[in-house]
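1. Here's my sequence, what's the structure:
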Amino acid sequence: MNSVPITLQVQKALRLHIGIFGCRNAGKSSLINRLTNQELSIVSDVPGTTTDPVEKACELHPIGPVVLIDTAGIDDTGALGAERVRKSLGVLSWMDLALLVIDAATGITAADQKLLKDIRELGTPAVVVFNQADRVPEGTAERMASDFSAAEKIPAVACSAKLGTGIEAVRAAIVKAVEAGWEPDQLLVSGLIPEGRTAILVVPIDFGAPKGRLIPPQVQSIRELLDQKSRCLVVLETQVADAISELKVPPAIVITDSQAVKRVAAQVPPEIPLTTFSILMARSKSDLAELARGAAVLPELKPGDPVLICETCSHNPQGEDIGRVKIPNWLAKNAGGPMKITVAVSKDFPTDLRPYRVVIQCGGCMVTRRHMLARLRECRKQGIPMTNYGIAISHLQGVLERTLSPFPEALEAWRESKAARSDAA
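-> Numbering: from 1, shown residues only. A predicted model of the protein is given here:
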């Protein structure tokens with residue numbers, strides 16, 4: 001399948017994420033096992049076998065590496081059941097594709113209808129699977145799928161995960177939906193560096209740096225530069241000035257870790273573009289202009305203001321952790337006193353964002369673009385400004401206009417938002 005991007009063959013955050021939803025005992029787990037030809041999910045006749053959403057990285061022919069998310073039944077009952085449903089529906093907003101599995105013997109339920117409404121509102125590509133065709137007269141499930149697809153304008157197919165019939169039709173429907181609706185991450189350095197030119201990548205090696213390896217944005221940038229036949233020179237933050245002076249032709253751009261941006265900016269002549277890995281991640285994973293616009297609230301923060309800091313990975317915090325120590329300290333220095341900081345980790349994201357003045361999100365290297373856009377959409381819906389680590393740090397270090405200069409639209413969004421807030425005040 002030529003139209004599915006090669007990026008599906010890289011790290012988990014760049015894989016296609018497919019959520020499997022449906023009522024209890026609709027056959028979601030059986031379908032996963034059939035699609036992957038593996039016993040990935042526990043299958044039982046007891047309703048509610050799957051409780052919390054479970055991610056399973058696997059191969060799905062002919063797409064390649066994907067992440068399947070097996071969810072609890074959307075018709076679960078009781079206090080605990082309601083919490084399971086909430087968690088299941090919570091992952092829908094960041095799925096690249098939703099599979100709604102319906103028991104053909106039961107038909108479409110009220111819970112299915114509600115999920116379909118949510119799918120439409122979110123604009124999530126979807127395929128409806130009328131499963132357990134073996135439990136109804138021959139041809140019935142196929143007619144149900146055909147009638148549903150014609151009426152609802154959503155692809156629908158029939159199968160029996162128990163017998164293994166119709167599975168290839170499900171695969172084909174998934175492939176077609178992916179080709180039509182999947183939005184992969186943008187390349188980090190796309191359009192910034194001409195072929196054959198050199199980029200300087202500044203990679204500090206400090207206490208928080210992973211031993212023996214680089215972090216994903218750094219590795220991804222190096223690979224992209226090589227793929228486009230450009231060159232990269234990787235240096236420490238203490239080596240930037242020497243590296244520039246030793247080049248016969250000035251670098252096309254300097255890309256630095258955000259934590260070293262002030263020190264690096266002092267070494268890079270103003271005519272050489274400068275940005276950060278985290279700002280590149282904001283462009284790749286989200287809407288850079290809107291995140292730049294959200295940063296305009298930062299100069300207004302006062303001591304005690306509530307700030308939500310979000311990290312999408314669950315690393316073990318070190319002594320000088322960027323989200324828990326450095327950014328809060330920079331915010332406090334900028335405002336003249338400490339903020340009231342809340343840190344949300346991994347997939348956790350508060351339902352109610354209204355208590356916060358601003359949301360500061362990490363680069364999101366461990367999640368998909370759709371996941372990051374879902375968070376941005378929720379902030380917009382609740383009227384809460386959102387920005388990201390790289391933009392916030394550049395502002396707090398006094399170099400944001402410099403690091404946004406390679407992206408005129410984002411720079412203009414920052415300036416306009418700052419001016420509008422100043423006028424409103």
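2. how many other residues sit next to the residue lying closest to residue 104 once chain neighbours are set aside?
-> The spatially closest residue to residue 104, leaving aside those adjacent along the chain, is residue 141, at 4.0 Å (CB to CB, 6 or more residues apart in numbering). No exception for glycine: its C-beta is placed from N, CA and C like everyone else's. Residue 141: 28 surrounding residues under other CB atoms under 10 Å.
3. My read is that residue 141 contacts residue 130, right?
-> Yes - the criterion here is CB atoms under 8 Å, and residue 141 meets it with residue 130 at 4.6 Å.
4. and for these two, which residues touch both?
-> 104, 158, 159 (CB atoms under 8 Å, 6 or more residues apart in numbering).
5. Residue 409 contacts residue 291, correct?
-> No - counting by CB under 8 Å, residue 291 is not a contact partner of residue 409; they are 11.7 Å apart.
6. Which one's more surrounded, these two?
-> residue 291 (29 against 11).
7. Filter the shared contacts of residue 141 and residue 130 down to the buried ones, PyMOL style.
-> Per 16 or more other CB atoms under 10 Å, the buried members of those correspond to this PyMOL selection:
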select buried, resi 104+158+159
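8. Just name the closest of the shared contacts of residue 141 and residue 130 to residue 115, please.
-> residue 104 (16.8 Å; CB to CB).
9. Just want the phi and psi numbers for that closest one.
-> phi -60, psi -30 (degrees, to the nearest 10).
10. dump the residue contacts of it.
-> 130, 131, 132, 133, 135, 136, 140, 141, 144, 158 are the contacts of residue 104 under CB under 8 Å, 6+ apart.
11. Residue 251: which of those residues is nearest?
-> Using CB to CB, the contacts of residue 104 come closest to residue 251 at residue 131, 55.8 Å.
12. Look at the closest one and report its pLDDT.
-> If you check residue 131, the pLDDT there is 97.
13. Who is it paired with across the strands?
-> With DSSP bridges as the criterion, residue 131 is bridged to residue 103.
14. So which residue is dead centre in this protein?
-> residue 368 (2.9 Å; CA atoms, centre = their mean).
15. what helix or strand does the closest residue to residue 286 other than its chain neighbours sit in?
-> Leaving aside its sequence neighbours, residue 286 sits nearest to residue 372 (CB to CB, 6+ apart; 4.3 Å). Element membership for residue 372, per DSSP states H and E: helix 369-382.
16. Let's verify the residue of the chain most remote from its centre: helix, strand, or coil?
-> The outermost residue of the chain relative to its centre, with distances by CA atoms, centre = their mean, is residue 137 at 42.5 Å. Under DSSP: H, G, I helix; E, B strand; the rest coil, residue 137 falls in the coil class.
17. And it, its phi and psi?
-> Torsion angles, degrees, to the nearest 10, at residue 137: phi -60, psi 150.
18. Residue 102 versus that one, what's the distance?
-> Separation of residue 137 from residue 102 (CB to CB, to the nearest Å): 17 Å.
19. Flag every buried residue along stretch 349-366.
-> The neighbour-count check on stretch 349-366 (16+ other CB under 10 Å) flags 349, 353, 356-366 as buried.
20. Narrow the residues you listed to those in strands?
-> 358, 359, 360, 361 (DSSP state E).
21. what bridges to the last one?
-> Listed by DSSP bridges, the beta-bridge partners for residue 361 are residue 310, residue 388.
22. Residue 386 is in contact with that one, correct?
-> Yes - applying CB under 8 Å, one finds residue 361 in contact with residue 386, separated by 6.2 Å.
23. Spit out the residues that contact these two alike.
-> Here residue 361 and residue 386 have 291, 375 as joint contacts, going by CB under 8 Å, 6+ apart.
24. Spit out the contact partners of the closest residue to residue 362 other than its chain neighbours.
-> Leaving out its chain neighbours, the residue that sits closest to residue 362 by CB to CB, 6+ apart is residue 311, at 4.7 Å. Applying CB under 8 Å, 6+ apart to residue 311 gives the contacts 323, 343, 344, 345, 346, 362.
25. Please identify the member of those residues with the greatest number of neighbours.
-> Result: residue 362 is most packed of these (other CB under 10 Å), 24 neighbours.
26. Tell me, how many residues neighbour residue 117?
-> 10.
27. for residue 68, same thing?
-> 24.
28. Residue 226 now?
-> Using other CB under 10 Å, residue 226 is surrounded by 11 other residues.
29. Which element, helix or strand, includes it?
-> helix 216-227.
30. what mean pLDDT does that helix have?
-> Computed over helix 216-227, the average pLDDT equals 93.
31. Tell me how far it lies from the chain's centre.
-> Here helix 216-227 is found 18 Å from its chain centre; the criterion is CA atoms, centre = their mean, to the nearest Å.
32. who does that helix touch, helix- and strand-wise?
-> Applying 3 or more CB pairs under 8 Å, 6 or more residues apart in numbering; DSSP states H and E, one finds that helix 216-227 makes contact with strand 198-202, strand 231-235, helix 277-285.
33. Among the ones you listed, show me which one is buried the most.
-> helix 277-285 (a mean of 27; mean count of other CB atoms under 10 Å).
34. That one to helix 216-227, inter-axis angle?
-> When axes from the mean of the first three to the mean of the last three CA atoms, to 10 degrees is applied, the directions of helix 277-285 and helix 216-227 differ by 70 degrees.
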